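Q: quick one, what's the 3D model for this:
(one chain, ligands or ions: 1)
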Amino acid sequence: MINSDLLSRAQAVLRANNAGAFTQPGPRQYPHQWNWDSAVVALGLSHFDLPRALAEIRSLIGGQWRDGMIPHVVYHTGPSDYFPDPGFWQIENSPNAPGVATSGITQPPILATIVRRIHAHTPISGFLRQAYPSLLHWHRWLHTARDVDGSGLACLIHPWESGTDDSPRWLRAMACITPIDLPAYRRGDTAHVAPGERPHDTDYERFVHLIDVFRRARYDPSALLARSPFLVQDVLFNSILYRADDDLRALAVELGEPTGEIDHWQRSLRERFDARFWDEARGLYFDYDMRVGAPIAVNTAMAFMPLYAGLASDIQAHRLIYEHWLNPVEYAPDDVVRHQITTTSKAEPAWEARRYWRGPVWIILNWLLADGLRRYGFNDLAEALRRDSLELITRSGFREYYDPRDGSGCGSTDFSWSAALAIELLNAS
Ligand code: DGY
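A: Presented below is the predicted three-dimensional model:
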């Protein structure tokens with residue numbers, strides 16, 4: 001039975017965070033439009049306010065660059081106390097920049113999946129026809145401008161593109177970056193959220209340094225790949241991309257559009273995926289550092305994401321679940337984890353229970369992974385994850401992330417995608 005109190009509280013969060021053309025991910029901490037947040041928010045909205053859901057997607061697509069990139073942030077409302085402010089990106093130096101202020105990088109491409117999902121419960125055929133060319137353009141950009149080695153895998157040039165900014169997966173790559181001649185900047189994020197729940201200053205110095213490299217390259221896509229000191233192929237991003245290609249393809253079929261190009265992207269990504277990411281000895285998927293030329297052998301929840309994409313074989317799925325999910329290595333004996341799934345394994349020395357992507361539970365990962373678990377028939381595990389997510393939200397509110405030891409909330413309050421996913425998870429009951 002649907003918990004109607006939780007449902008109406010979730011709807012109230014999405015109403016309160018309405019900023020007109022878009023929804024703020026968090027009222028103070030994130031006052032602009034973020035790419036994958038916005039897509040997830042649209043899904044939540046679609047259950048009770050379809051026009052606003054479609055407006056959300058339209059305004060995100062409104063930030064699309066001429067070459068196809070849909071950026072990670074769109075600044076519809078000018079500067080705020082959020083850093084980086086729109087001017088910091090200097091995107092006007094790129095011939096590809098759109099007419100609206102945006103960041104100069106992208107984020108996990110979940111939008112096509114969300115559009116298809118909305119269409120499945122509430123047909124939006126007219127909207128599909130409008131949105132499809134933009135989605136196709138973005139995917140084409142990901143599979144070409146971001147395919148550095150002809151593998152069909154997309155690469156990332158900034159940790160923010162991964163959506164998992166300060167994940168310990170990036171520690172080695174970040175340690176190789178020397179942030180020299182940094183432009184002046186002031187962090188805004190620690191004004192609203194406890195510094196212990198946000199990335200370290202050393203991460204921010206490198207985040208800023210990378211933006212400075214991109215500004216100097218005027219966002220020329222090939223110069224970015226050549227010059228970015230951070231260049232990785234990421235399991236989470238490519239799993240989301242592959243699944244979104246599936247969904248884009250289904251939309252193409254429905255619209256009578258050709259599918260050959262999408263088939264080609266999927267075939268090459270699938271053929272390369274295991275060789276690049278699967279570690280047969282450990283039974284885990286690891287990201288790949290293109291600058292170092294080696295896998296990033298850090299144990300995080302992202303290792304399970306090929307389940308969501310349907311890219312794991314049954315044997316790989318079995319190993320992931322029986323060797324890792326049900327049997328996690330625990331090297332931090334004082335931290336008893338009661339909630340799943342921790343973003344970072346406790347086996348990792350960089351584990352921190354309350355710091356951003358260093359340990360906490362995020363509802364988005366739980367939602368993606370519950371989907372992946374169900375896909376491989378692990379229905380009880382999926383249901384346990386769904387229930388635990390709802391319990392966390394019921395107990396601690398719509399927080400950005402949660403401490404896996406006691407379930408207390410961390411980061412932004414009134415967080416939009418936690419509200420949107422609560423609506424989605426309740427509807428799935
Ligand atoms: C932030 O500011 O923390 C965002 O994740 C960057 O996109």
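
Q: which residues does Val74 form a beta bridge with?
A: Gln33, Thr102 (DSSP bridges).

Q: my read: it touches Thr102, true?
A: Yes - counting by Cβ atoms under 8 Å, Thr102 is a contact partner of Val74 at 5.0 Å. Bear in mind the C-beta positions are built from the backbone N, C-alpha and C, glycine included.

Q: need the residues touching each of those two.
A: Gly63 (Cβ atoms under 8 Å, 6 or more residues apart in numbering).

Q: now the residue of the chain found nearest the ligand: how far from His72?
A: Closest approach between the chain and the ligand, counting by Cβ to the nearest ligand atom: Trp160, at 4.3 Å. For Trp160, the distance to His72 equals 6 Å [Cβ to Cβ, to the nearest Å].

Q: find residues that contact each of the two.
A: Joint contacts of Trp160 and His72 (Cβ under 8 Å, 6+ apart) are Ser103, Ile105, Gln107.

Q: for the last one, what are phi and psi?
A: In other words, Gln107. Taking degrees, to the nearest 10, you get phi -150, psi 170 for the backbone angles of Gln107.

Q: again with the first one
A: As for Ser103, its main-chain torsions (degrees, to the nearest 10) stand at phi -80, psi 180.

Q: sorry, back to before: would you turn the shared contacts of Trp160 and His72 into TSV with pLDDT?
A: As requested, the shared contacts of Trp160 and His72 are exported to TSV (pLDDT from 0 to 100):
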residue	pLDDT
Ser103	98
Ile105	98
Gln107	98
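
Q: among these, name the buried ones.
A: Ser103, Ile105, Gln107 (16 or more other Cβ atoms under 10 Å).

Q: now, among those residues, which is nearest to Phe214?
A: Closest approach between those and Phe214, by Cβ to Cβ: Ile105, at 7.2 Å.

Q: wait, that closest one touches Ser162, no?
A: No - look at Ile105 against Ser162 with Cβ under 8 Å: they stay out of range, at 10.3 Å.

Q: could you list the low-pLDDT ranges of the stretch 251-400 of the chain?
A: The model of the stretch 251-400 of the chain has pLDDT under 70 over residues 330-333.

Q: ok, which stretches of it are helices?
A: Along the stretch 251-400 of the chain, counting by DSSP state H, counting those that start in this stretch, helices occupy 260-277, 305-309, 314-319, 363-375, 379-396.

Q: contact partners for Leu121?
A: Let me fix one detail, which is that residue 121 is His and not Leu. Ser46, His47.

Q: now with 10 Å?
A: Listed by Cβ atoms under 10 Å, 6 or more residues apart in numbering, the contact partners of His121 are Leu43, Ser46, His47, Leu50, Asn427.

Q: interface residues of the protein facing the ligand?
A: By Cβ under 6 Å from any ligand atom, the residues of the chain that approach the ligand are His72, Trp160, Asp165, Asp189.

Q: next, the residue nearest to the last one when sequence neighbours are not counted: phi, psi?
A: Looking back up the chat, that one is Asp189. Closest residue in space to Asp189, ignoring its immediate chain neighbours: Arg198 at 5.3 Å, by Cβ to Cβ, 6 or more residues apart in numbering. With angles defined as degrees, to the nearest 10, Arg198 sits at phi -120, psi 170.

Q: circling back: what sits in contact with each of Ile105 and Ser162?
A: Between them, Ile105 and Ser162 share these contacting residues under Cβ under 10 Å, 6+ apart: Leu156.

Q: where exactly do the helices run in the stretch 101-250 of the chain?
A: Under DSSP H, counting those that start in this stretch, the stretch 101-250 of the chain gives helices at 111-121, 125-144, 171-175, 201-216, 221-227, 235-255.

Q: count of neighbours near the residue lying closest to Leu307 once chain neighbours are set aside?
A: Sequence neighbours aside, Gly372 is the residue nearest to Leu307 in space, at 3.0 Å (criterion: Cβ to Cβ, 6+ apart). Gly372 has 26 neighbouring residues, counting by other Cβ atoms under 10 Å.

Q: wait, doesn't Gly372 sit right on Leu320?
A: Yes - the pair Gly372 and Leu320 passes the contact test of Cβ atoms under 10 Å, sitting 9.4 Å apart.

Q: residues shared between the contacts of those two?
A: Common neighbours of Gly372 and Leu320 (Cβ under 10 Å, 6+ apart) are Phe304, Met305, Pro306, Leu307, Ala312, Phe378.

Q: which residues touch Val232?
A: 155-159, 161-162, 169-170, 173, 287-292, 296.

Q: thinking again about what came up before, ok, of the contacts of His121, which come out buried?
A: Looks like these have Leu43, Ser46, His47, Leu50 buried, using 16+ other Cβ under 10 Å.

Q: how about CSV for the residues you listed, with pLDDT added?
A: Listed next are these as CSV, based on pLDDT from 0 to 100:
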residue, pLDDT
Leu43, 98
Ser46, 98
His47, 97
Leu50, 98
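
Q: nearest to Gly126, of these?
A: Among those, and counting by Cβ to Cβ, the member closest to Gly126 is Leu50, at 12.0 Å.

Q: let me know whether that closest one touches Leu43 as I believe.
A: No - with contacts counted by Cβ under 10 Å, Leu50 stays clear of Leu43, the gap being 11.1 Å.

Q: now Val253: how far from Leu182?
A: Val253 is 49 Å from Leu182, by Cβ to Cβ.

Q: likewise for Tyr376?
A: 45 Å.

Q: those two: which has the busier surroundings?
A: Tyr376 (20 against 12).

Q: next up, the contacts around Ala154.
A: Ala154 neighbours (Cβ under 10 Å, 6+ apart): 106, 108-109, 139, 141-148, 161, 233-234, 237-238, 240-242, 265, 269.

Q: and for Arg227?
A: So Arg227 contacts Ile157, Val213, Phe214, Arg216, Ala217, Asp220 (Cβ under 10 Å, 6+ apart).

Q: now list the buried members of the residues you listed.
A: Ile157, Val213, Phe214, Ala217.

Q: what's the closest non-adjacent residue to the third one?
A: Counting by Cβ to Cβ, 6+ apart, the nearest residue to Phe214 once its immediate chain neighbours are dropped is Gly104, at 5.4 Å.

Q: pLDDT at that neighbour, what is it?
A: pLDDT, Gly104: 98.

Q: how close does it sit to Phe237?
A: 17 Å.

Q: likewise for Ser103?
A: Taken as Cβ to Cβ, the span from Ser103 to Phe237 is 16 Å.

Q: got it, and Thr394?
A: 31 Å.

Q: and these two? which has more neighbours close in?
A: The neighbour count for Thr394 versus Phe237, taken as other Cβ under 10 Å, is higher for Phe237 (27 against 14).

Q: isn't that one right up against Ile157?
A: No - at 11.5 Å, Phe237 does not count as touching Ile157 under the criterion of Cβ under 10 Å.
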